[in-house]
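A.B. asks: Predicted model and sequence below, questions to follow.
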Amino acid sequence: GGIDNRGDAALTRVTLAGNAASTGGGILNSGVSAELQFTLSSLSANSSTYGGGVYNTSGARLAIVASTISNNSVSISGGGIFNVNLGVVSIVDSTLALNHASADGGAGRLHDKSCSEQDLFEVGLVPAGDQAFVFDADLGGALVL
């Protein structure tokens, strides 16, 4: 993948594109001490099995601010973002667009997220054109919350 963060990192005005990994094609944010702030940046055309743009592990903290996550793809789940149980994701004034997942969560799969779907849209998350082939009626094409 593009970046494997296991500590404290801040990325501003960065473009991560065309990376591939088994988890977290663009970014793997991993571990209980991992904290990543992604600001005014872009994740695009990355690919993986889970988390084409970002894979955020249990205990890790991820903040996406005024950024775009687009055209990422996965063979299973979380085209834009895949958040593992107990990982914390904050998305503010950002766009998730044209991401693709073969199973569910084209824009993202946010297990145990820290805010509701309504909260996500109130802070300016704009999902647009994300796609997933959904095999379970309980799972979402754009977001699995």
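C.D. replies: Arrived safely. The model shown is predicted, which means the values in this text are computed figures rather than measured ones.
A.B. asks: Quick one: classify Tyr55 as helix, strand or coil.
C.D. replies: strand (DSSP: H, G, I helix; E, B strand; the rest coil).
A.B. asks: where does this structure dip in pLDDT?
C.D. replies: 104-105, 110-145 (pLDDT under 70).
A.B. asks: one more time with 80
C.D. replies: For the chain, residues meeting the criterion pLDDT under 80 lie at 85, 103-145.
A.B. asks: What segments of it are helices?
C.D. replies: 117-122 (DSSP state H).
A.B. asks: partner residues bridging the residue nearest the centre of the chain?
C.D. replies: For the chain, the residue sitting closest to the mean C-alpha position, by CA atoms, centre = their mean, is Ile81 at 1.6 Å. Beta-bridge pairing of Ile81 under DSSP bridges involves Val54, Gly108.
A.B. asks: Quick check: beta-bridge partners of Val65?
C.D. replies: Thr39, Val92.
A.B. asks: what about it, neighbour count?
C.D. replies: Close neighbours of Val65, defined as other CB atoms under 10 Å, add up to 17. All C-beta spots, glycine's among them, are computed from the backbone N, C-alpha and C.
A.B. asks: And it, how far from Leu40?
C.D. replies: As judged by CB to CB, to the nearest Å, Val65 and Leu40 stand 7 Å apart.
A.B. asks: Surely the residue nearest to the centre of the chain and Gly53 touch.
C.D. replies: Yes: contact status for Ile81 versus Gly53: in contact at 5.9 Å, counting by CB atoms under 8 Å.
A.B. asks: Cool, thanks, talk later.
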